[in-house]
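In: Pasted the sequence and its predicted model underneath.
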Amino acid sequence: MPFAIGESVGPYKIIAQIGQGGMATVFKAHHAALDRFVALKVLYSDLGQDPNFTTRFKREARVVAKLDHPNIVPVYDFAEEDGHPYLVMKLIEGETLKEQMTRGQLPPDEIIRVAETIGGALGYAHKQGILHRDVKPSNVLTGSDGHIYLADFGLARIAQETSATLTAGAVIGTPHYISPEQAIGAKDLNEGTDIYSFGVMLYEMVVGRPPFVGDTPLSIIYNHIHKPFPMPRSINPSVPEAVEWVFIKALAKERAERYASVDEMVAAFKSAWREEPLPATVVSLHREAVPSQRESLVRRAESAVRAREAIPSKTKRPWWLYVGAGVLLVACCVALGFAANLFTPYLPTITINPTNTPTEVAMDFCNGEQTWLSRDYFPVQEIDHCWSLNHYLTDLTFSGSDWTMVTTKDVAYTDQAYLARADFPAATIEDYWNNGFDITDVYYGNGQWLVTMSAGTGFTTQSYLTDTSLPNDSIQKYWADGYSITSLAYGNGTWIVVMSQGAGLGVQVYFSEVEFPEGKVRQYWDAGYDITSVAYGNAGWTVVMSQESGFTNQYYYHKEVFPESGIAEDWDKGFSITNLEFGNLLWVVVLSK
């Protein structure tokens, strides 16, 4: 400790130590002439031995002292004593947000109050051209009167610029809250850095834990750079769906993909947290065409989102991480075997919680060109087994009591995943789109959406439309732009229509009727069309037919009982199941050759 209780630092007499960190010790002190208690932050002496540091310290202190906001801890003075630079700040007697959260989750209204207050303080500082760089719960103070403050502006920048002189206890940034760009040593930080750290703090307030945890600071920082955070509802199911969208944007790895301002982020969070209504109709476009060749693919056996190996990141970024006792440089990472090109991102996981799932399943299927099977639980292990045999999920439906799936061997896909959620997993679909996957099937059953996503589809661009009724006008516009309907489903009062470019399906038509439209199907068969999508929803059947499906022959079953024996005979004749749907107590199974 640089000074003892009872000693004086300039005109300030030390009363008690109230905190200690990597750069400084904080004391409660008293100014006798002014009869004022203050917080005295005394930096370590080896920092003050660097003349460049002293210059930077004075510069930053002057800048921070000019901040005048009711929720920013004011800086009264700064000076140096016996080689120790120090800051004099308002004394806030109360507790930190970190201490509050150790007692449990904050009430919903208090979460909003903290978000508004700290967001307002950050937004004000950003308008003055000042970044915080170390937003975290321990820097959020609540006074005994309930007033909330944000503390420690400027210190992280001083530390960043003085990394070579850090003492053995110094840490630049805090691993749980550090932004990816800070972790890799970027110098051109902007408001997006504070938005990320603020987002991490809000995530912890909402979910009950930070998004990234690990056994070491290095592992936590690694996750910030390369891994997606767990979706909040997978940890705390009470989190509103819309809040996940806020975190997807706020915690984006790339700064350009985050909110443009703290004010925008807080407004989005408040709306999502209060579950205010969002637009009912969404047209969601994704990426430009991506390369079809993927170096590697990952599947995680314990997750309902499966991917075989980590997809390589678009660029390999240099990185150096400030961790633990000092500065961990690139050379140290190489020595430890952590090269930047080994760090590849994982896609988000959304888990499904099936009931009645057995601990062991007899894996005596997926031996031929195509397999179907039914289970009274969601067939997680069965799908994983089929994937291991290069069988891909090509159709899925729920019959009211059982899940029935179809897998096909050696289709053109290079990898596959499925997403299972009570709410349509729009944000996670976006993540998979950005990694070269496309939606190949959508289904709603047993109270949840099932979305199959595959790599290597050949699609160049994909979108989906959502509406309470079939979005006829939007479909026509997409057709005019060269898109084709490649999947559709109805569930929870909403239609999902997936449209893709590069599908090669040619001219399309679709029609909806209460009863299965056998007459129209035969009429279009005669005109050279084939069934490419079938869905039951909103008390009717919808059938999509395409002119250039590539099929040479096609027919369908329309039965109350699943046509097991007929399918076996059709397989022997070279047919494959290309559509499967259950609705209005009837099975529709389309087979094509």
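Out: Okay, I see it. Please read these numbers as outputs of a predicted model, since none were measured by experiment.
In: Give me the domain ranges for the chain.
Out: The chain breaks down into these domains under automatic domain parsing: 8-90, 94-278, 370-592.
In: how about a markdown table for those domains, with mean pLDDT added?
Out: Shown next, in a markdown table, are the domains of the chain (pLDDT from 0 to 100):
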| stretch | mean pLDDT |
| --- | --- |
| domain 8-90 | 84 |
| domain 94-278 | 86 |
| domain 370-592 | 90 |
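In: so can I have JSON lines of those domains showing mean neighbour count?
Out: Yep, even glycine has a C-beta here, placed from its N, CA and C like the rest. Shown next, in JSON lines, are those (neighbours: other CB atoms under 10 Å):
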{"stretch": "domain 8-90", "mean neighbour count": "18"}
{"stretch": "domain 94-278", "mean neighbour count": "19"}
{"stretch": "domain 370-592", "mean neighbour count": "19"}
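In: And the contacts of stretch 93-110?
Out: 114, 136-144, 201, 204-205, 208, 273 (CB atoms under 8 Å, 6 or more residues apart in numbering).
In: And the helix or strand hosting A267, what does it pack against?
Out: Following DSSP states H and E, one finds A267 within helix 262-273. Other elements packing on helix 262-273 under the criterion 3 or more CB pairs under 8 Å, 6 or more residues apart in numbering; DSSP states H and E are helix 108-127, helix 191-207, helix 241-250.
In: JSON lines please, covering those helices and showing distance to Y377.
Out: What follows is the helices and strands packed on helix 262-273, written out as JSON lines (distance: least, CB to CB, whole Å):
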{"stretch": "helix 108-127", "distance to Y377": "35"}
{"stretch": "helix 191-207", "distance to Y377": "28"}
{"stretch": "helix 241-250", "distance to Y377": "25"}
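In: where's stretch 34-46 relative to the chain centroid, distance-wise?
Out: Distance, stretch centre to chain centre, for stretch 34-46: 41 Å (CA atoms, centre = their mean, to the nearest Å).
In: what's the answer for stretch 455-471, then?
Out: 21 Å.
In: Equivalent analysis for stretch 478-498, please.
Out: That offset, for stretch 478-498, works out to 24 Å (CA atoms, centre = their mean).
In: Over to stretch 237-251?
Out: 8 Å.
In: what sits up against it?
Out: Against stretch 237-251 from outside (CB under 8 Å, 6+ apart): 195-196, 198-200, 202-203, 206-207, 211, 229, 231-233, 257-259, 265, 268-269, 271-273, 275, 278, 423, 426-427, 430-431.
In: Now do the spatially most central residue of the chain against Q448, distance only.
Out: With distances taken as CA atoms, centre = their mean, I248 lies nearest the centre of the chain, 4.2 Å away. According to CB to CB, to the nearest Å, I248 and Q448 sit 20 Å apart.
In: F3 and V9 touch, don't they?
Out: Yes - between F3 and V9 there is a contact at 5.8 Å, judged by CB atoms under 8 Å.
In: who touches both of those two?
Out: Joint contacts of F3 and V9 (CB under 8 Å, 6+ apart) are F27, V42, H84.
In: Surely the last one touches V9?
Out: In other words, H84. Yes - counting by CB under 8 Å, V9 is a contact partner of H84 at 7.5 Å.
In: Which neighbours do the two have in common?
Out: F3, V42.
In: still on that earlier bit, can you tell me which of the shared contacts of F3 and V9 lies closest to T457?
Out: V42 (61.3 Å; CB to CB).
In: Thank you, goodbye.
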